[in-house]
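In: sequence? don't have it. structure:
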């Protein structure tokens, strides 16, 4: 009974707790701004952006835009306006601990999606619920129905792992954890089960842990056999959905590319041959650089190798090589999960793409906007500032093309014509 009351309060009364102004019912014009539209055009100065309802109705020079009588006008005094940011690899739920409750972790997820949105991430992809079953579907649906403020979300629910060990009838399965499969038939059935529960993506794990041999060569665990990876991906595509593949390197990573996994996640040990295959197949690369170059990675390597070998330089070299390959579609994905990478700080990933992977600020911005929108299949709705698209946009005081860290200081956030945050308003904290 108490459980039912909790869910009623959270998802029925949540709008009272998180209420924000509704989408614009009369025209709104943001004027005197520099626009980075992410559509490939150079920055445009002294611009105006028109919004009616939840859509962009006009983007043009302020001197040429006719503002109708009665329209609301916001003068941002040469701030920079960009499309809403997109994080292609989040975990809205923190990793569930044995003594954690559904209520605990649902409240954490609500806090995390709020933090993401206020940081300027108006859309995101969630890459498994971290032991919280299909809870991500409930959060996504609450956002879509307007009962909770958060990014536009696509979710991948439980994920699917491979097990060579037969099911032990004496050990009950945890319905909140990833689905473990043992055969091709079970693999296909698991895909159908997750999609039936509302998954937009199917998260797979074709390549597991890394290690080093005596000579310092990086080695990677192969999990699913190639026919299983192929069956999982084929079944997902047959049902009109996509796969994201957690891979660190090696044969398992190559298997994911051969099988046509839509997004290759992490890729510590990518080589040029694999990247070229990705380009030829039109696959996306999501490096999640910050998450895997933090000090704890070196701490682990020091413990495991006595300080002789490190994965971070191998990873950054691979990411730089991949980013320099013509035609590769690099995504912005944080891996934010409430542990070492807190929700609301994901704009650090843009800085990492520039400083560690060698991308230009303009290209990094495209990765976190129009490229991610394409990966999500939403390129006709979000990802660039263009007439007819959703009015998802952010504003910063400075120029992110000169200093990419400006994206870590978002001052204004709008999602679907609804102002979520406005620190540029007179009297707002700076």
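Out: Good, I have the coordinates. It should be emphasised that the depicted structure is a prediction, and the values quoted were computed from it without experimental measurement. Numbering: from 1, shown residues only.

In: Select the longest strand from this structure.
Out: In the chain, taking DSSP state E as the definition, the longest strand is strand 24-35.

In: residues in contact with the helix or strand just after it?
Out: Later in the chain than strand 24-35, the nearest helix or strand by DSSP states H and E is strand 44-53. Around strand 44-53, the neighbours that count as contacts under Cβ atoms under 8 Å, 6 or more residues apart in numbering are 23-35, 37, 56-63, 65, 67, 78, 81, 385, 391, 393, 414, 417. C-beta: built from backbone N, CA, C; applies to glycine.

In: Give the ChimeraX command for selecting the buried subset of those.
Out: To isolate the buried subset of the contacts of strand 44-53 in ChimeraX, counting by 16 or more other Cβ atoms under 10 Å, use the following:
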select :23,24,27,28,29,30,31,32,33,34,35,37,56,57,58,59,62,67,81,385,391,393,414,417
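
In: what packs against the host helix or strand of residue 316?
Out: Counting by DSSP H and E, the element that carries residue 316 is helix 312-323. On a contact count with 3 or more Cβ pairs under 8 Å, 6 or more residues apart in numbering; DSSP states H and E, helix 312-323 meets helix 272-281, helix 295-305.

In: can I get the ones you listed in CSV with distance to residue 360, mean pLDDT and mean neighbour count?
Out: Shown next, in CSV, are these (distance: least, Cβ to Cβ, whole Å; pLDDT from 0 to 100; neighbours: other Cβ atoms under 10 Å):
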stretch, distance to residue 360, mean pLDDT, mean neighbour count
helix 272-281, 19, 98, 16
helix 295-305, 26, 96, 13
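
In: Just put those helices in CSV and tack on distance to residue 123.
Out: Converted to CSV, these look like this (distance: least, Cβ to Cβ, whole Å):
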stretch, distance to residue 123
helix 272-281, 23
helix 295-305, 28
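
In: Of all those, which one comes closest to residue 352?
Out: Nearest of the helices and strands packed on helix 312-323 to residue 352, taken as Cβ to Cβ: helix 295-305 at 13.3 Å.

In: now for the helices and strands packed on helix 312-323, which one comes closest to residue 119?
Out: helix 295-305 (22.5 Å).

In: So which other helices or strands are in contact with that closest one?
Out: strand 207-212, helix 312-323.

In: Not counting its own residues, what contacts it?
Out: Applying Cβ under 8 Å, 6+ apart, the contact partners of helix 295-305 are 211-212, 307, 309-312, 340.

In: could you redo the helices and strands packed on helix 295-305 as TSV and give each row mean neighbour count and distance to residue 402?
Out: Shown next, in TSV, are the helices and strands packed on helix 295-305 (neighbours: other Cβ atoms under 10 Å; distance: least, Cβ to Cβ, whole Å):
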stretch	mean neighbour count	distance to residue 402
strand 207-212	18	37
helix 312-323	19	20
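
In: Tabulate the ones you listed in JSON lines, adding columns for mean pLDDT.
Out: Shown next, in JSON lines, are the helices and strands packed on helix 295-305 (pLDDT from 0 to 100):
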{"stretch": "strand 207-212", "mean pLDDT": "95"}
{"stretch": "helix 312-323", "mean pLDDT": "98"}
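
In: Switch these over to JSON lines; also include distance to residue 143.
Out: Shown next, in JSON lines, are these (distance: least, Cβ to Cβ, whole Å):
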{"stretch": "strand 207-212", "distance to residue 143": "32"}
{"stretch": "helix 312-323", "distance to residue 143": "31"}
